[in-house]
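Asker: fold the following and give me the result.
(chains A and B)
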Amino acid sequence: MTTPTPPIRIPLTQLAPGRRATVECSALDALPEGDRCLLTAMGLGERCEVRLCRSGHACIVQVDTTRLGIDEQVAARIMVTPIDDAS
Amino acid sequence: MSEPELATIALVGNPNTGKTTLFNALCGARARTANFPGSTVDHHLGQHTIAGARLEVIDLPGIYSLALDLPESVLCAECIDGRLGTVPDAVVLVLDATNLVRNLQFASTVLRRGLPCVVALTMTDAARSAGLVLDAASLARDLGVPVIEASGRTGIGLPALATAAHDIATRQAPPIPAAPCPAAEPGTAACADWAAGVFERAGGRTMRAAADPLTERLDRAFTHPVGGIAAFALTMGLLFTSIFWLASYPMDALDALFGWLAGLVHDVVPAGLVADLLADGIVGGIGATVVFLPQIALLFFLLALLEDTGYLARAALSLDRTMRRFGLPGQAFLPLLSSHACALPGIMSTRLIPGRRDRLATILCAPFMSCTARIPVYVLLCGLLFAGDPWKAGLAFVGCYASASLRASAPRGCFAAPSSPAMVVRWSWSCRPIAAQACAPRSMWRAIDPSSSCATPPP
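Answerer: Model (predicted):
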């Protein structure tokens, strides 16, 4: 019997553009309170699904039908689990 | 006959949910701009008459959360909590059907406050076209408040919404047994699960927004580190050129009209002090002010257009890195640019900058910009100091502007704490440019509404 592989957690910046991912629980804990509030208020909260539209100095992520621009330094502190698009 | 009872309702919701379009449809042209005492954030007040009863409608600014440290969020929280003296009798929560899970999480924070509420479900036509049909009755059961599908653009559901809001505000409607909203804050897994549950019971299904190649291409171009800045410079250049070029026609017409009026006064009134006062003082004075109206109207219209298409959010993102070098956020660029026209609207528009420190730094910088009132002074001084040497005069003039830009770098030195690199999220932008533009002319008109204490750029 094989042990289930734990989901891979990577920073949002390491996600390939066009790929989807789920924001991890407590993934935003590393951020300052104000940024965390702003992100969650705009829909980027725990367990939400995001799609990375553009990486670089300003990441653009899509949450539902809304696009958010996030600074690279902040995006690097948001941990996500990539979703296999084939699933 | 006594005056009908006046109930107050407040429209609350996320930005871009169609809240102001609803307000315009309910109140029409009778709306006015106002401020709560002690607040610089303006909101709109209007009245709607329904079956002989009057409803005072407050259009609060669109917010993402009641807990954010932003002037709009603070104003909404204080209004709902009755800390501004006016306690609304009911709250109309405007929720966007195409972003319902996020909107429901925001709604939970409002519903928890216990005020009588009605939900106006907007953008249902856009949701339907994406294959999403929501059951308003199910939403009403879960939220414990009436849910009305309404559209300010088409007018669908407006009478039902006004009736429901009136009945709730005057306590005529029986309360619906409410399912408890989660105590968890929005963004947490518990709150997200609750919102997803409500959404799914209403027939919603998670839509994976398909990649839009055109939007992706535009995003790449407008947020490119170099190309984005070049595009912004080109856009602003075109904007200001078109202001002078397009506005010149109505300005010339107004100038001619007031010239004709002044001539008419001179013809009718016997020559003397009274004729001079009327023709040159009153008619000439009003004309000299009114003649600038087309320029201001066009500026606000074009800025509203750029804002509603989502371009300004992209521009702020691409300028962020450059502005950070001066200790300012990307969003500071437009207020500083506006300050070249006048520092007052520039300062007022800084309310859109999240973060108290960034707002304060931009406010302190804005008055250093060379506003139009200083240009005649520059011209006069350069002309006097370098008379007969146009090259030196021109260089001195450019130097005046350059020194303003240098002064703008002051925050980096003045504020010991660097601008938080984490202060990141700019605006969210939605991809519905055409629908959003429908309210641009009205917001432009409001911006130059003489009842407003000061003209402000559209948010």
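
Asker: contacts and neighbour counts: CA atoms only from here.
Answerer: Fine.

Asker: which helix is the longest one in the chain?
Answerer: Using chain A here. helix A:33-41 (DSSP state H).

Asker: could you do chain B instead?
Answerer: In chain B, assigned by DSSP H, the helix with the most residues is helix B:227-268.

Asker: immediately after that one, which helix or strand?
Answerer: Later in the chain than helix B:227-268, the nearest helix or strand by DSSP states H and E is helix B:273-276.

Asker: what's that following helix in contact with?
Answerer: B:265-266, B:269 (C-alpha atoms under 8 Å, 6 or more residues apart in numbering or on different chains).

Asker: by neighbour count, which of those residues wins?
Answerer: residue B:265 (20 neighbours; other C-alpha atoms under 10 Å in any protein chain shown).

Asker: how about the lowest-mean-pLDDT helix or strand in chain A: buried residues?
Answerer: Lowest on mean pLDDT, DSSP states H and E among the helices and strands of chain A sits helix A:33-41, with a mean of 77. Using 16 or more other C-alpha atoms under 10 Å in any protein chain shown as the test for burial, helix A:33-41 gives A:35-41.

Asker: apart from its neighbours in sequence, what residue is nearest the closest residue to chain B within chain A?
Answerer: Closest approach between chain A and chain B, counting by C-alpha to the nearest C-alpha: residue A:45, at 4.0 Å. Leaving aside its sequence neighbours, residue A:45 sits nearest to residue B:187 (C-alpha to C-alpha, 6 or more residues apart in numbering or on different chains; 4.0 Å).

Asker: three-state assignment of the one you found?
Answerer: coil (DSSP: H, G, I helix; E, B strand; the rest coil).

Asker: what segments of chain A are strands?
Answerer: Using DSSP state E, the strands of chain A run over A:10-11, A:20-23, A:49-54, A:58-63, A:66-71, A:79-82.

Asker: show the model's pLDDT score for residue B:385.
Answerer: On pLDDT, residue B:385 comes in at 85.

Asker: pLDDT wise, what is the nearest residue to it once chain neighbours are set aside at?
Answerer: Computed as C-alpha to C-alpha, 6+ apart, the closest residue to residue B:385 that is not its neighbour in sequence is residue B:393, at 7.6 Å. As predicted, residue B:393 sits at a pLDDT of 82.

Asker: dump the residue contacts of residue B:393.
Answerer: Residue B:393 neighbours (C-alpha under 8 Å, 6+ apart): B:382-383, B:385-387.

Asker: swap in 10 Å and give it another go.
Answerer: B:378-387, B:399 (C-alpha atoms under 10 Å, 6 or more residues apart in numbering or on different chains).

Asker: what do you get for residue B:97?
Answerer: B:17, B:103-104, B:120-128, B:132-134, B:149, B:199, B:204.

Asker: tell me how far it lies from chain A.
Answerer: Residue B:97 sits 11 Å away from chain A, going by C-alpha to the nearest C-alpha, to the nearest Å.

Asker: one more: residue B:204?
Answerer: 13 Å.

Asker: how about low-confidence regions in chain A?
Answerer: Across chain A, the ranges flagged by pLDDT under 70 are A:1-6, A:27, A:85-87.

Asker: run through the residues that contact residue 17.
Answerer: Looking at chain A here, since you left the chain open. A:51-56, A:59-61.

Asker: look at chain B instead
Answerer: Contacts for residue B:17 (C-alpha under 10 Å, 6+ apart) come out as B:62, B:94-99, B:103, B:120-123, B:436.

Asker: which helix or which strand is home to it?
Answerer: Residue B:17 belongs to no helix or strand when assigned by DSSP H and E.

Asker: give me phi/psi at it?
Answerer: Phi and psi for residue B:17, reported as degrees, to the nearest 10, are phi -100, psi 0.

Asker: check what pLDDT it gets.
Answerer: Predicted confidence (pLDDT) for residue B:17: 85.

Asker: centre of the chain to stretch B:353-366, how far?
Answerer: 18 Å (C-alpha atoms, centre = their mean, to the nearest Å).

Asker: what stretches of the stretch 301-450 of chain B score poorly on pLDDT?
Answerer: Counting by pLDDT under 70, the stretch 301-450 of chain B contains low-confidence residues at B:352, B:354, B:405, B:407-450.

Asker: what about the helices in it?
Answerer: B:311-324, B:333-339, B:343-348, B:356-365, B:375-385, B:390-407, B:410-414, B:433-437, B:440-447 (DSSP state H, counting those that start in this stretch).

Asker: quick check, the second one touching chain A?
Answerer: If I follow you right, that is helix B:333-339. No: Helix B:333-339 lies out of reach of chain A by C-alpha under 10 Å from any C-alpha of the partner chain, never closer than 16.4 Å.

Asker: would you mind checking the contacts of residue B:393 for buried ones?
Answerer: For those, a burial check counting by 16+ other C-alpha under 10 Å picks out B:378, B:382-383.

Asker: list just the nearest of the residues you listed to chain A.
Answerer: residue B:378 (38.8 Å).

Asker: so who does that closest one touch?
Answerer: Residue B:378 makes contact with B:370, B:372, B:384, B:393, B:396-398, B:400-401, according to C-alpha under 10 Å, 6+ apart.

Asker: residue B:6 contacts residue B:56, correct?
Answerer: Yes: with contact defined as C-alpha atoms under 10 Å, residue B:6 reaches residue B:56; the gap is 6.6 Å.

Asker: which neighbours do these two share?
Answerer: In contact with both residue B:6 and residue B:56: B:47-49, B:89, B:166, using C-alpha under 10 Å, 6+ apart.
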